[in-house]
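1. sequence and predicted structure are below.
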Amino acid sequence: MNPEELGGPLQSYVDKWLAVQPRQRIALAFVDPARYPGHVALAALEQELLSAAYGIREPQVAAVKLNWWAEELSGAPASGGRHPLTQVLFDDERAHAVSAEHWLAPVLAAMAQLEEGTAADFDAQVNAGGQLHGALAALETAWWYGSSASSVRAARVATLSHLLFALLRVEEDADRDRLPLPMARLARFGLSRAELRGDHPAREQAIRAQLQDLATAWREAERLPGPLSVFRSLESDAGQSLAGRAGKAVDPLATLRAGQGRSGPSTAWQAWRAARRWRKVTG
């Protein structure tokens, strides 16, 4: 089923998710939205929370939106929700099997990191990003596989995917408190904020070094425990491949931009494999 067949108020939120992750259109062939509307709604909810956490420049405005989500998700188990995404989610019995802490943790983590500055080094960057993305991964894993499933691997690849995507905004975010490159990386290459805004040899070297660390971290994440949702698996496969390719490119940022939305036969193969693993675990 095509995502357009979902219809109704849910569609605009699904469209926003697919605009950020166009490859997931292919995954929908294996996660039928008619049969699994909650799986798609959860992915769209995640995108709403990430948009509030990272897309709104004024922390006070972001906090208002996130506080609304905290109230919505707190009341949804009893009321069924007011938001179209919440209504779809809490119409599914699995939403009531997921703990209240799992539903609230991503919102609380997003609020806690609104005014965080730039991380000191790559490890600190991964740890900081893991608070929000780990909470999202825990919720997602509980939804797809049940509360007993480990979310350790999902948390790590979700964080790495975020750090990779953040590099695409290196120019736009040069004036923000939280930069996509850690302070140690900037210092190593003598890179100033002004030099983040345009082509510069130091920026190219710093981005390449960041990509190499991401590629290494992705390989290490493969040894961590826990299953991945179909959507997370497809995102991770694409991100790992792109990080490796861009890290070796003459122009790493241009390679990142060109490859972000690209898909082909390999994408369908990756989605099929991810869906096969999911069905094998869940029966």
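-> Nice, thanks for sending it over. Owing to the predicted nature of the structure, the values given are computational and were not obtained by experimental measurement.
2. chain neighbours aside, what residue packs nearest to the residue located most distally from the centre of the chain?
-> Relative to the centre of the chain, the most outlying C-alpha is that of residue 190, 29.8 Å out, by Cα atoms, centre = their mean. Leaving out its chain neighbours, the residue that sits closest to residue 190 by Cβ to Cβ, 6 or more residues apart in numbering is residue 202, at 5.8 Å. C-beta coordinates here come from the backbone N, C-alpha and C atoms, glycine included.
3. same check, this time on residue 140
-> residue 229 (5.5 Å).
4. tell me the pLDDT of that neighbour.
-> Residue 229 is assigned 98 on the pLDDT scale.
5. that one and residue 136, how far apart?
-> Distance, residue 229 to residue 136, by Cβ to Cβ, to the nearest Å: 11 Å.
6. same question for residue 104.
-> Using Cβ to Cβ, residue 104 is found at 12 Å from residue 136.
7. quick check: can you list the domain ranges of this structure?
-> 12-18+29-115, 146-283 (automatic domain parsing).
8. surely the residue nearest to residue 140 meets residue 144?
-> Yes. Using Cβ atoms under 8 Å, residue 229 is in contact with residue 144, at 4.6 Å.
9. okay, now the unreliable bits of the chain?
-> Applying pLDDT under 70 to the chain flags residues 1-7.
10. hmm, 50 instead?
-> Low-confidence segments of the chain (pLDDT under 50): 1-5.
11. after the biggest helix by length in it, next one along is what?
-> As assigned by DSSP state H, the longest helix anywhere in the chain is helix 122-145. Per DSSP states H and E, the first helix or strand lying C-terminal to helix 122-145 is helix 152-167.
12. just give me how far the helix or strand that that following helix is followed by sits from the chain centre.
-> Per DSSP H and E, the first helix or strand lying C-terminal to helix 152-167 is helix 183-188. Relative to the centre of its chain, helix 183-188 is centred 25 Å away, using Cα atoms, centre = their mean, to the nearest Å.
13. angle of the helix or strand that helix 183-188 is followed by against helix 122-145?
-> Per DSSP H and E, the first helix or strand lying C-terminal to helix 183-188 is helix 201-221. Helix 201-221 runs at 40 degrees relative to helix 122-145, counting by axes from the mean of the first three to the mean of the last three Cα atoms, to 10 degrees.
14. mind listing what's buried along helix 201-221?
-> 203-215, 217-218, 221 (16 or more other Cβ atoms under 10 Å).
15. residue 112: what's it in contact with?
-> For residue 112, the contacting residues are residue 131, by Cβ atoms under 8 Å, 6 or more residues apart in numbering.
16. that one and residue 125, how far apart?
-> 16 Å.
17. how about residue 200?
-> 21 Å.
18. more neighbours: which of the two?
-> Under the criterion of other Cβ atoms under 10 Å, the comparison of residue 200 against residue 125 puts residue 125 first, with 26 against 15.
19. give me the phi and psi angles of the closest residue to the more buried one other than its chain neighbours.
-> Nearest residue to residue 125, sequence neighbours excluded (Cβ to Cβ, 6+ apart): residue 119, at 3.8 Å. For residue 119, the backbone dihedrals (degrees, to the nearest 10) come out as phi -70, psi 150.
20. so residue 119 touches residue 185, yeah?
-> No. Taking contacts as Cβ under 8 Å, residue 119 lies outside contact range of residue 185: 9.5 Å.
21. residues near residue 136, how many?
-> 27.
22. my read is that it contacts residue 106, right?
-> Yes. Shown here, residue 136 and residue 106 form a contact pair, counting by Cβ under 8 Å, at 4.8 Å.
23. next, show the common contact partners of the two.
-> Common contacts of residue 136 and residue 106 (Cβ under 8 Å, 6+ apart): 46, 49.
24. list the contacts of the closest residue to residue 204 other than its chain neighbours.
-> Closest residue to residue 204 apart from its sequence neighbours, by Cβ to Cβ, 6+ apart: residue 252 at 6.5 Å. Shown in contact with residue 252 (Cβ under 8 Å, 6+ apart): 204, 207, 208, 211, 246.
25. would you mind confirming that the third one makes contact with residue 247?
-> It refers to residue 208. Yes. Using Cβ under 8 Å, residue 208 is in contact with residue 247, at 5.7 Å.
26. I am finished for the moment; much appreciated.
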